[in-house]
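need coordinates for the following:
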Amino acid sequence: MNDGRSTTTRHTLGVILGLNLAVGIMFTAVLFPHPPKQEYHSVATRPTSAKLTSLETRQVRSGIPARIIVPDVAIDMEVRVGSYMPESATWTIEYGAAFYADRTVPANDNNGTTLIYGHADWAIFARITELTNGATAKVYTNEGHVFSYVFESNIQVQPDDVAVFNENGPPKLVLQTCSGPFDAYRTLVTFRLVGVEVI
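The predicted structure is shown next:
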């Protein structure tokens, strides 16, 4: 009889101890949770605040062309603002000056193409068709900048080809004039930007 009671008592004590142990583990888990998982990010994907600041504060230098100099063909002249009228396919143009096409971007050190055009007259742009490697050009703007360019290419296009209005990419200068028999074509001389000065 005593042996039966002690077995039951031992069994009961074992169950109570097991329950106490389980409850203790649960309270420990609630009171002392595991630390949160740490996340690691590559440094390359998270720019420093210094880099962000330098990108955000960079100022684009630009201005409307007011004068152009192309030493290789003795060009040094005033540049006025002109327009292309697509309805009539005509340009604002006159003798005595070159013209900045206001459908293109102003001279700048960021992106896009600046177009300056003029008559195929010896006193204006007739000789730009002779320009080749090594030729340079300077554009003075109304904002007091001088943009320096170096020759890149020389092509002839149809008179109605105005793709130059939509060109993007690195900053460039394009000079345009009539060329070919009876001015049947347009010559486009492209220069890439190599520097900017403030005067």
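
how about the strands in this protein?
Applying DSSP state E to the chain gives strands spanning 62-63, 65-70, 75-82, 84-85, 90-91, 98-101, 107-108, 113-117, 136-141, 145-157, 172-179, 185-198.

tell me what the third one is packed against?
Under the contact criterion of 3 or more C-beta pairs under 8 Å, 6 or more residues apart in numbering; DSSP states H and E, the helices and strands touching strand 75-82 comprise strand 65-70, strand 98-101. C-beta coordinates here come from the backbone N, C-alpha and C atoms, glycine included.

extract the CA atoms of it and return them as CSV.
The C-alpha coordinates for strand 75-82 follow below in CSV (Å, rounded to 0.1, in the frame of the first residue of the first chain):
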residue,chain,number,x,y,z
ILE,A,75,35.5,83.9,-87.6
ASP,A,76,34.9,86.4,-84.8
MET,A,77,31.4,87.7,-84.8
GLU,A,78,28.3,88.6,-82.9
VAL,A,79,25.7,85.9,-82.3
ARG,A,80,22.0,86.9,-82.1
VAL,A,81,19.0,84.8,-81.1
GLY,A,82,17.1,83.2,-84.0
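
so how far is it off the chain centroid?
How far strand 75-82 lies from its chain's middle: 27 Å, per C-alpha atoms, centre = their mean, to the nearest Å.

dump the helices and strands packed on strand 75-82 to a markdown table, plus distance to residue 114 and mean pLDDT.
Shown next, in a markdown table, are the helices and strands packed on strand 75-82 (distance: least, C-beta to C-beta, whole Å; pLDDT from 0 to 100):
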| stretch | distance to residue 114 | mean pLDDT |
| --- | --- | --- |
| strand 65-70 | 7 | 98 |
| strand 98-101 | 7 | 98 |
